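In: need coordinates for the below:
(chains A and B)
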Amino acid sequence: MSDEPRDAVEPEEPGRPPVPQGLGASAWAMAKGMATVFKQTFRRDNTERYPDVIVPSPERSHIGRHLLNRHENGLEKCIGCELCAFACPADAIWVEGANNDPENPVSPGERYAEDYQVNYLRCIMCGLCVEACPTRALTLTSYYEMAFTSREDAIWTKERLLEPPPPLGTDPVDREG
Amino acid sequence: MNWVDWVILAARVVVVFFALLISVLLYIWMERKVIADMQTRAGPMRAGPRGILVTLADGIKLFFKEGITPTNADRVVYEIAPILAMFPAFLAFAVIPFGTHVTLFGRTIQFQLADLNIGLLWILAMTSVGVYGVVLAGWSSGSNYPLLGSIRSTAQMISYEVGMGLALVAVLMYTGTLRMSGIVAYQATHVWNIVPQFPAFVVFMICALAEVNRPPFDLAEAESELVAGFHTEYSGIKFAMFYLGEYVNTVTVSSIAVTLFLGGWRGPHPGWALWLWPLLWFLFKLTAVIYVLILVRGTLPRLRYDRLMNFGWKVLIPFGLFWVLATGAIIVFPDRYGRTRGTFIAASAILGVGLIASLVIPVLQKPTQEVPS
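Out: As a prediction, the model looks like this:
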C-alpha cells in the first residue's frame, strides 16, 4: 500500500461518458456550476412569510387540532365510548363517560362524555382517534396555531374542543412572540 | 506634528475602525441574503427592513451570552486567542487606500490610515499573525476537535500564504512598488493589473479564499467532521470575535484584491464632489469582489483535506513560481531588446517553459501506487 490516499476511481459504466479530468475540465465545470447558481438568484423565493402572510391550509386538510362535533339539533355526537383513547398510540386522550339524563340529554343515546381532554404535549396528530370514532364525533381541523406557555395550557378540555377553530392568525398567545 | 494632527489621526483610526465594523455587519447580511437568493429562500427578514439589522441582533445576542471556559483550557491563551484572531484583520486594512483625500480646515486628510512604503509586506505580516489566533484557540481549548481543526487550518493557511505571497510578488515586480498608493497610481496610468497579471489574480483569489478560511476551503471548521473546528469551545463574546475576525478578513482580502488588481479607488467621476466618487468606486468594486466570493461559496463543495494540500503545493505554488518568472521576462526582455523583439522573446520564453512544464509535469505526477495483492 502506498501512503498516499487513493482517489476514488469510478467504475467504468457502459454507456456513460468518462468524467473529464484535469485542470481545464475542472475549471469549466466550476464555471458552469457557478452560472447555474447565479441563475437561481432570479427565481422566485419559495419561502412562505408565515406570520405576515398566512397561507390558508387546503380546504380538506386535517393537519391541526381536534374538534368535537355536534348534531344539527345541538346534541353532542360523542357517546363517551373511549375508543379514541384506546386507539391513541401516544396516550394523549382522556375520556370519562357518564349516563345521560333522559330529561336533559347531552348526546343522543344512553351515554355521553362527561370529561374529554386532549393533551397536545403528547398528541402526535396521527388521526387514529378519528378513525376509531364510531359516531364521527371527533375530527381533525386545519387549525395549527397552538402555541402554549404552560403544561396546563397544553391540555385542551372539552369546552375548548367543542368550539370550532377561529381563523388562523387570531390566537392571542401566538401573536405575543 | 502638533496636537491637532494627533487628534485628526486618532479620529481617522476610530472612523476607519467603525466604518470597517459597520461594513462587515452589512456584508454578513448581504452574504446571507445573496446565499438565500441563490437557494430561492428569503433569508433574514425580521430584524429591521428586510433583515438588515440581523447581524447587529446576532452581535447583541452573542455579547450577552455566557462565555464558557472549559475546565481543561489554558486560561490566559484561551482569552488571548480570539483577540489575536480579530485584530490582525483590522490592522491589515490600515494600509488600504479607499479614497483620495479631503481638505478640511486647511488640512489634507488622506483616505488611508498609513501609506507605508512596505504596504504589501505589512499585509503579508498581518495575515500571518492571524494564523496564531487559530492555532492558539485550538490548542488552548483543551479539547480534541478544536485541536484537529486548528492543526488543519494552520497547515492550510501557511501553505496558501506561500501561493498568495508569490501572486503578490508578481504584482510587486510588475508595478515596481510595495506602496499601496503607488500600486493604485501605477494602475491609473496603465491598464488595470487584472489584465496583464490575470494569472496572479486567479492565484491570489484562490489563496485568499483559503487564507481567510472561507468555503470551499473552510476545512478548519468543517461542521460535518469537526463540530466547528478551532472555535468549538468558544461561546459568547469570544466566539463573536472569531466570527467578526473572519468577516473582517474577508473584507480586507477583497479590498486588497481591489487595490492590487482592479485599479483601487479609481474610476470615472463627473467632476464635482471629488472626494466622494473614489469612495463609491471603492465600495462598488469591493462589493463586486465579495459577491464573487459569495457565489463561490454558494456553488462549490468543501475540498477534501489531501486534495487541498495537493492543490496548494503541487499546482498553485509551482504555477506561482512560473508566473513570477514570466513576469520577470515580461519586464526585462522588452527593456533589453526593444519593444517588439523583447515582447516576442518574452512570449516565446513563457510559451516554451509552459510547454516543457505541461510535458514534464504529467510524467512526474504519474501515480506510483501499486495495487495491493
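In: CA only for contacts and neighbour counts going forward, please
Out: Fine.
In: show me what the longest strand belonging to chain A is packed against.
Out: Determined from DSSP state E, the single longest strand within chain A is strand A:111-119. Using 3 or more Cα pairs under 8 Å, 6 or more residues apart in numbering or on different chains; DSSP states H and E, the elements in contact with strand A:111-119 are strand A:93-99, strand A:155-156, helix A:158-162.
In: direction included, what does it pair up with?
Out: strand A:93-99 (antiparallel), strand A:155-156 (antiparallel) (DSSP bridges).
In: please compute how far the shortest one lies from its chain's middle.
Out: So the one you mean is strand A:155-156. Strand A:155-156 sits 17 Å away from the centroid of its parent chain (Cα atoms, centre = their mean, to the nearest Å).
In: excluding covalently adjacent residues, which one is nearest to B:G298?
Out: Take B:G298 and drop its neighbours on the chain: the residue closest to it by Cα to Cα, 6 or more residues apart in numbering or on different chains is B:I35, 6.1 Å away.
In: report how many residues lie close to that neighbour.
Out: 23 (other Cα atoms under 10 Å in any protein chain shown).
In: now it, what's its secondary structure?
Out: Following DSSP: H, G, I helix; E, B strand; the rest coil, the label given to B:I35 is helix.
In: so what's it up against?
Out: Contact analysis of B:I35 by Cα atoms under 8 Å, 6 or more residues apart in numbering or on different chains lists B:43, B:294-295, B:298.
In: repeat for B:E211
Out: In this structure, B:E211 makes contact with B:127, B:156-157, B:160-161, judged by Cα under 8 Å, 6+ apart.
In: among these, which one is most surrounded by other residues?
Out: Neighbour tally across the contacts of B:E211 (other Cα under 10 Å): the maximum, 27 neighbours, falls on B:Y160.
In: pretty sure that one is touching B:N213, no?
Out: No. Using Cα atoms under 8 Å, B:Y160 is not in contact with B:N213, being 10.5 Å away.
In: sticking with B:I60, tell me its helix or strand.
Out: Using DSSP states H and E, B:I60 sits in helix B:54-64.
In: helix or strand right after that helix?
Out: Remark: after helix B:54-64, the chain's next helix or strand is helix B:75-92, criterion DSSP H and E.
In: mean confidence for that following helix?
Out: Average pLDDT, helix B:75-92: 87.
In: packing partners of it?
Out: By 3+ Cα pairs under 8 Å, 6+ apart, helix B:75-92 packs against helix B:119-140, helix B:236-261.
In: show me where chain B has its strands.
Out: Per DSSP E, chain B has strands spanning B:101-104, B:107-110. These are given in chain order.
In: need those in a markdown table (columns: mean pLDDT, distance to B:I206 and mean neighbour count).
Out: Shown next, in a markdown table, are the strands of chain B (pLDDT from 0 to 100; distance: least, Cα to Cα, whole Å; neighbours: other Cα atoms under 10 Å in any protein chain shown):
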| stretch | mean pLDDT | distance to B:I206 | mean neighbour count |
| --- | --- | --- | --- |
| strand B:101-104 | 76 | 32 | 13 |
| strand B:107-110 | 77 | 31 | 14 |
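In: just send those back as JSON lines, with distance to chain A too.
Out: Output for the strands of chain B, formatted as JSON lines (distance: least, Cα to the nearest Cα, whole Å):
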{"stretch": "strand B:101-104", "distance to chain A": "37"}
{"stretch": "strand B:107-110", "distance to chain A": "38"}
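In: any idea which of those strands gets closest to B:V14?
Out: Among the strands of chain B, the nearest to B:V14 by Cα to Cα is strand B:107-110 (13.9 Å).
In: how close does the nearest residue in space to A:C84 that is not next to it in sequence get to chain B?
Out: Excluding the flanking residues, the one nearest A:C84 by Cα to Cα, 6+ apart is A:C129, at 4.2 Å. A:C129 sits 37 Å away from chain B, going by Cα to the nearest Cα, to the nearest Å.
In: tell me the gap between the helix or strand hosting A:C129 and the middle of its chain.
Out: Here A:C129 sits within helix A:128-132, counting by DSSP H and E. Mean C-alpha position of helix A:128-132 versus that of the full chain (Cα atoms, centre = their mean) differs by 15 Å.
In: contact partners for the closest residue to B:L244 other than its chain neighbours?
Out: Closest residue to B:L244 apart from its sequence neighbours, by Cα to Cα, 6+ apart: B:M86 at 6.8 Å. Going by Cα under 8 Å, 6+ apart, B:M86 touches B:130, B:133, B:241-242, B:244-246, B:248.
In: also B:R302?
Out: B:215-219.
In: pLDDT at it, what is it?
Out: In this model, B:R302 is scored at 83, pLDDT.
In: for it, what are phi and psi?
Out: Main-chain torsions, B:R302, degrees, to the nearest 10: phi -70, psi 140.
In: for A:G109, see how far away it is.
Out: Note on B:R302: its distance to A:G109, by Cα to Cα, to the nearest Å, is 68 Å.
In: again, but for B:F261
Out: B:F261 sits 88 Å away from A:G109, going by Cα to Cα.
In: same check, this time on A:A35
Out: To A:G109, A:A35 is 70 Å away according to Cα to Cα.
In: so how far is chain A from B:V315?
Out: Distance, B:V315 to chain A, by Cα to the nearest Cα: 9 Å.
In: one more: B:R214?
Out: Counting by Cα to the nearest Cα, the gap from B:R214 to chain A is 16 Å.
In: same thing with B:G142?
Out: From B:G142 to chain A the distance is 29 Å (Cα to the nearest Cα).
In: distance to B:Y337 added to the strands paired with strand A:111-119, as CSV?
Out: Listed next are the strands paired with strand A:111-119 as CSV, based on distance: least, Cα to Cα, whole Å:
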stretch, distance to B:Y337
strand A:93-99, 95
strand A:155-156, 92
